[in-house]
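# structure for the following, please:
(one chain, ligands or ions: 1)
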Amino acid sequence: MYRVTQEIDFCYGHRLLNYAGKCKHLHGHNGRAVIVLEGEQLDDRGMLIDFGDIKREIRRWIDDTLDHRMILCQGDPALTALRELGEPLFVIDCNPTAENIARLIFEHAREKRLPVIEVSLWETPRAFATYSQNDCPPGTARG
Ligand SMILES: Nc1nc2c(c(=O)[nH]1)N=C([C@H](O)[C@H](O)COP(=O)(O)OP(=O)(O)OP(=O)(O)O)CN2
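Got it, this is the predicted structure:
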């Protein structure tokens, strides 16, 4: 089995709903997504996947979609004011925890038919959350 991993750094803001600690307030992170892809077969170049393909399909999407945005839950009351101010937003249907942002990136990678098995999101230099699935469906490079 071969594994390819790429780390992608990006900045984002968020706040947690239904949470009693300091993260209930708007704040930001220098996050790092660690994307792990796996497969048994190499192509005729000896690659599981070209690092450039990961850059094109995931890093570019993160840069365009999540980087320097407020990632907020669709039920967040702050959305109205932030929209009026024209702040860059990415709205999701769940609390924007590290777990859910990791899953969001994972699902994007699967949509792009990459054989991703795990995404970790480092929210601080000492804390990260991981979302993983070992079964790659048909249509991914591995399945
Ligand atoms: N399981 C999770 N726990 C927490 C999450 C999360 O996404 N998943 N998020 C937060 C906060 O958003 C944020 O990460 C702050 O966490 P915290 O560890 O308190 O941050 P600090 O680096 O500021 O910690 P200090 O040790 O106080 O410096 C919280 N939990």
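# can you pull out the strands in the protein?
2-14, 27-39, 69-73, 89-92, 116-124, 127-132 (DSSP state E).
# centroid residue for the chain?
Centroid-nearest residue in the chain, with Cα atoms, centre = their mean: residue 105, separated by 2.9 Å.
# what about residue 130, how many residues nearby?
15 (other Cβ atoms under 10 Å). Bear in mind the C-beta positions are built from the backbone N, C-alpha and C, glycine included.
# identify the bridge partners of the residue lying closest to it once chain neighbours are set aside.
The spatially closest residue to residue 130, leaving aside those adjacent along the chain, is residue 120, at 4.4 Å (Cβ to Cβ, 6 or more residues apart in numbering). Beta bridges link residue 120 to residue 34, residue 130, judged by DSSP bridges.
# residue 120 and residue 34 touch, don't they?
Yes: Residue 120 is in contact with residue 34 according to Cβ atoms under 8 Å; the separation is 4.3 Å.
# who has more neighbours, those two?
residue 120 (21 against 17).
# buried sites along the helix or strand of the chain with the lowest mean pLDDT?
Counting by mean pLDDT, DSSP states H and E, the chain has its least confident helix or strand at helix 51-54, which shows a mean of 94. In terms of neighbour count (16 or more other Cβ atoms under 10 Å), helix 51-54 has its buried residues at 53-54.
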